[in-house]
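J.: heads up, no residue letters with this:
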C-alpha cells in the first residue's frame, strides 16, 4: 500500500511560484496514476492535474493549464507540481493522490491520499 507525503506549501504573493512535492513509499509511483487535487475552505475538493507516466499522459484543469506543471522523479519516487503565476484563487490545501487504474480527474477514483499541504497566495 503506497503512502504519500506532500511538502512545499507556503505563503506567497500573487505572481510568485511554488513547487510542491509528493514523496511516496510502499509503492512505485510510475506504476500508478497520480493526481494533484486542492480544497479551499467551504469548497469541495477539486482536480488540479494528473499523470500516468507509463502511458506518458497528463491532464490539467482548465484553471491551471499553462501555469502548473506536473512531473516526477522515478529515482526519488517523488511527484512534483510546479505552480507559476499564482493567484489568490489558487489558495487551498493541496493533496496528492494515487490510484492503480486509469488517468482520472474524479477524486473518488483515487485510493491513496497524502495529508495535504497548505498554499496561500496573498493579493
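T.: Good, I have the coordinates. The model shown is predicted, which means the values in this text are computed figures rather than measured ones.
J.: Which strand residues bridge the residue nearest the centre of the chain?
T.: Computing the C-alpha centroid of the chain and ranking residues by C-alpha atoms, centre = their mean puts residue 36 first, at 2.3 Å. Residue 36 has these beta-bridge partners by DSSP bridges: residue 49, residue 96.
J.: Surely it touches residue 92?
T.: No - if you go by C-beta atoms under 8 Å, residue 36 and residue 92 don't touch, sitting 10.6 Å apart. All C-beta atoms are positioned from the backbone trio N, CA, C, and that covers glycine.
J.: Give me the below-cutoff pLDDT ranges for the chain.
T.: Scanning the chain for pLDDT under 70 picks out nothing.
J.: how about the strands of it, start to end?
T.: For the chain, the strands defined by DSSP state E cover 3-7, 10-13, 18-25, 33-39, 46-52, 57-60, 68-73, 78-83, 92-99, 112-113, 117-122.
J.: between these, which gets nearest to residue 106?
T.: For residue 106, the closest of those is strand 46-52, at 7.4 Å, according to C-beta to C-beta.
J.: Only the buried residues of the closest one, if you could.
T.: Of the residues in strand 46-52, 47-52 count as buried by neighbour count, 16 or more other C-beta atoms under 10 Å.
J.: Specify which member of these is nearest to residue 112.
T.: Nearest to residue 112 among those: residue 50, at 13.4 Å, using C-beta to C-beta.
J.: and the residue nearest to residue 90 when sequence neighbours are not counted, what does it touch?
T.: The shortest distance from residue 90 to any non-neighbouring residue, by C-beta to C-beta, 6 or more residues apart in numbering, is to residue 121 (5.2 Å). Residue 121 makes contact with 12-14, 16, 86-91 under the criterion C-beta atoms under 8 Å, 6 or more residues apart in numbering.
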